[in-house]
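[1] sequence first, then the predicted structure:
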Amino acid sequence: MPQLTVCPSCAERLEPEDKFCGNCGTDLAAAAVASARKPWQPPAHADGSLVAPRTGEPAAGRPAPGYGPPPPRQEPDTAPGDYGLAPPELSAAATPYQAPRPEHSAPGVVPRAGATDPREVLLTEGDSPARPCVACGTGTVDPDGYCGHCGHAQPRERDHMEEELAGVAAVTDRGLRHHRNEDAFAVCTVDLPDGGPAVVAVVCDGVSSAARPDEASAAAARSASASLRTALADGTAPREAMHQALLTAAEAVNSLADDHDPDPDANAPACTCVSAITTGDLLTVGWIGDSRAYWIPDDRTGEQPARLTEDDSWAARMVEAGLMSEAEAYADVRAHAITGWLGADAVELDPHTASFQPDRPGVVIVCTDGLWNYAESAAELAAVVPADAREHPLRSARTLVGVALDGGGHDNVTVAVLPFPTPQPG
Amino acid sequence: MANFSKSPVPQFTAEVYQNEYLPEGAGEVNAIVTVTSTGGGTTGSHPGASASSAAVVIMVDCSGSMDYPPTKMRNAREATAAAIDTIRDGVAFAVVAGTHKAEEVYPGNGRTAIADPATREQAKQALRKLKPSGGTAIGTWLRLADRLLSSADVAIRHGILLTDGRNEHEKPEELRAALDDCAGRFTCDCRGVGTDWEVKEVTGIASALLGTADIVADPSGLEADFRQMMETAMGKEVADVSLRLWTPKGTRIKYVKQVAPTVEELTDRRVEAGPRAGDYPTGSWGDESRDYHVCVEVPPAGVGQEMLAARVSLVLPSADGGAPQVLSQGLVRAVWTDDMAASTKINAQVAHYTGQAELAQVIQQGLEARKAGDLDTATSKLGRAVQLATESGNEDTAKLLAKVVDVVDVATGTVRLKQKVADADEMTLETRSTKTVRVKK
Ligand SMILES: [Zn+2]
Ligand SMILES: [Zn+2]
């Protein structure tokens, strides 16, 4: 049974174990089944309208973008009906933690051979069959992708990829400090049985310390997207479809471990997965690991952007369990170790899903830590998302990749931008 | 174009084990390449596939010393007879008696005979002619074996050489010249019987001719050993296989060595094979697996860069002088990263074989020092050997070491040299010092 995070009737925030909504008393089991069959209906709230995300004081108390000590933890505001759009954990949105800045700020960033910035390559891209080596300029490239003169690896297809469909755009890039791109994405659009459009974006980040992380992320993105496409077209409710897609993706990554691996010491292939679906007025996210989804409303003046996912990370767990303060947890070397992932070595598979009902236009940003390491809080990210992101999702995705590259490009970076509400076809 | 029917060649695979991640500024790349050939003669899937394309010559020492004790010559005769019984029908063969000169014992017409029940019987009868008298000039034996082997139109040429004494009746340069002439023309397994022969001489011959060397201290063990050696020889399916390394401009091959089943230095045996490529001989292959350690120095590159440090392939020269057949290929890569956890990890295979190579080296240095009377060096080197052999699970070598030293503490490699050591034990340790074990699973 899919779990609801907000009441489908009144948008009250729910605990996973809730059987009935504490605000309006809706039978959640029945609602979940019902929501699996019919498209989402606007909730009949007391004042008859969707509530706006909270505004005001949390933003005022937030330090300027940058990485200072985390702000004090705020008491959750438990007023009913306050969350037309609530992250799964209230505290996460109310007090985004401040991650310690990774070492990418170290001077002396060495650009990759021949292409100082992938954005420049974009402008001049033209596939001539016998391109000389990007490193030495003289050798020709052997079939296995290495220069026959100096041996240097040549840019690969996955180093930089882009895709744009109606309602979504995604860009992935190797970054400046990694030798290959272990991120992957998949996007698709689906015609729902009621004729409305659904848009899907899946973003995955391979676990570098495991074997073949690039294959893991590609397999997960591909199978999650395919699973969502089928389920949504069949009329499965988005959250149920999302839950199933994460399980399917995990299975796809597990199956990679069956292959004979040359290094018996290496962990089985593994990756994170985050996905967003926009259907009508409903926004659904699902994730395992520390890749994230953010809600960035068009109106940045009064509205509050929010992080929609809660990392499966050591630090997040410590804080959640009340064992450490955010400051302590994120200062620890283990802070960014993920506690949940897709792959045969995963201790337990715990797909998280959540649905939201934004009451105003904006964009959903789905990304790997290659981006959020440079714009961690929702406010910081909102500050770098172009104002016209909803009209120009691809350009915005490129801009956000550029933010990561300008910050040092320490990791692979993948960004998907989904305008909300979904543009109607035609 | 004519369609040549290919002789059956086993399937080769090359697997590369390495940690390709280097920290910024580093440029040494280490990899273990495991080469495995399957589908050769010893599986029985190609019964007699190579029978008509193989030739073998047995060289038996008949110097005067083979008479002391008299059982030695008798055992050598019986061992040779057992080896002859193991030769498959259709294989070309000959027997040579070696003294200060080489003499054909069978068939005796300057050529080889083709094995069948009748010729095997004739050959065994001819062994009666083996009478101990005269000296030892192994170079002449090898040259005769080479002439006999080249008289057969075959792909696989192999020798089996038995000696019991030092190569006293020719100059070292003469043996060296014979080895240089024979290298690459046939492979040869060598056995020293008794304890009056020179380990370095025998292992040197086997090494030059890409064969095995061992001691048979007790002549009664010869028969089983000869039968085993001939069985292995009959399992060879393909000869003249080379390990080819292509390395990019600006790199340097620091060393190439076989590390399993024995340590065999190959670095200086390189034969240039086109731009930035070189071939290292590996001899003939049956159903077997060998490991090679390749160490390449590459120019350091920036973090995030990746390059090919070496392309490793197994090549077989074509019969008609055309492009060689590539049997299998693997890539040795270098990737620069600022992830210290990734770059400081030493690949388990590389670590293991670095230890096994050191083991062979410290045994040889330890025994050398012991002979020279430098007991402190001998103690420390052999102590280190005990430590390495035990850590890596090389039990055979650990047992051989225990006959030469008293082990006080394995973990720290603390040992005492034994007061009395049998010659056979010392020679066995020295001969088998290069034997390695594979990584414990
Ligand atoms: Zn409710
Ligand atoms: Zn080049």
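    Noted; the coordinates are in hand. Numbers count the residues shown, from 1 in each chain, chains lettered A, B, ... in the order given. Ligands and ions are numbered 1, 2, ... in the order given.

[2] got the buried residues for stretch A:226-246?
    For stretch A:226-246, the neighbour count (16 or more other C-beta atoms under 10 Å in any protein chain shown) marks A:226-229, A:231-232, A:236-246 as buried. (Glycine included, C-beta is placed from N, CA and C.)

[3] residue B:385 and residue B:363 touch, don't they?
    Yes - between residue B:385 and residue B:363 there is a contact under C-beta atoms under 8 Å: 4.9 Å.

[4] comparing the two, which residue is more hemmed in?
    residue B:385 (31 against 26; other C-beta atoms under 10 Å in any protein chain shown).

[5] give me the three-state assignment for that one.
    helix (DSSP: H, G, I helix; E, B strand; the rest coil).

[6] what separates it from residue B:356, distance-wise?
    11 Å (C-beta to C-beta, to the nearest Å).

[7] so what sits against both of residue B:385 and residue B:363?
    B:397, B:401 (C-beta atoms under 8 Å, 6 or more residues apart in numbering or on different chains).

[8] how about the strands in the stretch 301-426 of chain A?
    A:306-307, A:342-343, A:352-356, A:362-367, A:413-420 (DSSP state E, counting those that start in this stretch).

[9] what packs against the last one?
    Put plainly, it is strand A:413-420. strand A:168-173, strand A:183-191, strand A:197-206, strand A:270-279, strand A:362-367, helix A:369-372, helix A:393-406 (3 or more C-beta pairs under 8 Å, 6 or more residues apart in numbering or on different chains; DSSP states H and E).

[10] go on, the first one?
    Using 3+ C-beta pairs under 8 Å, 6+ apart as the contact definition, the elements that strand A:306-307 packs against are helix A:90-94, strand A:292-297.

[11] any idea what residue A:414 is bridged to?
    residue A:172 (DSSP bridges).

[12] got the contact list for it?
    By C-beta under 8 Å, 6+ apart, the residues touching residue A:414 are A:170-173, A:183-185, A:203-205, A:367-368, A:370-371.

[13] burial measure for the residue nearest to residue B:167 when sequence neighbours are not counted, as a count.
    Counting by C-beta to C-beta, 6 or more residues apart in numbering or on different chains, residue B:167 lies nearest to residue B:138, which is 4.9 Å off, once chain neighbours are set aside. Residue B:138 has 27 neighbours, counted by other C-beta under 10 Å.

[14] residue B:138 touches residue B:161, doesn't it?
    Yes - contact criterion C-beta under 8 Å: residue B:138 and residue B:161 qualify, at 7.3 Å.

[15] pLDDT wise, what is the one residue in the stretch 301-426 of chain A that gets nearest to ligand 1 at?
    Here the stretch 301-426 of chain A gets closest to ligand 1 at one residue, residue A:357, 12.0 Å apart by C-beta to the ion. With respect to pLDDT, residue A:357 scores 94.

[16] correct me, but it touches residue A:284?
    No - here residue A:357 does not reach residue A:284: they are 10.2 Å apart, not a contact under C-beta under 8 Å.

[17] which one of these two has more residues nearby?
    It is residue A:284, of residue A:357 and residue A:284, that has more neighbours when counted by other C-beta under 10 Å, with 30 against 20.

[18] you'd agree that one is in a strand?
    Yes - assessed by three-state DSSP, residue A:284 belongs to a strand.

[19] show me what it is bridged to.
    Assigned bridge partners for residue A:284, using DSSP bridges, are residue A:277, residue A:355.

[20] how close does it sit to chain B?
    35 Å (C-beta to the nearest C-beta, to the nearest Å).

[21] again, but for residue A:249
    For residue A:249, the distance to chain B - C-beta to the nearest C-beta - is 26 Å.

[22] per-residue confidence for that residue?
    Predicted confidence (pLDDT) for residue A:249: 98.

[23] isn't it right up against residue A:272?
    No - between residue A:249 and residue A:272 there is no contact under C-beta under 8 Å: 10.2 Å.
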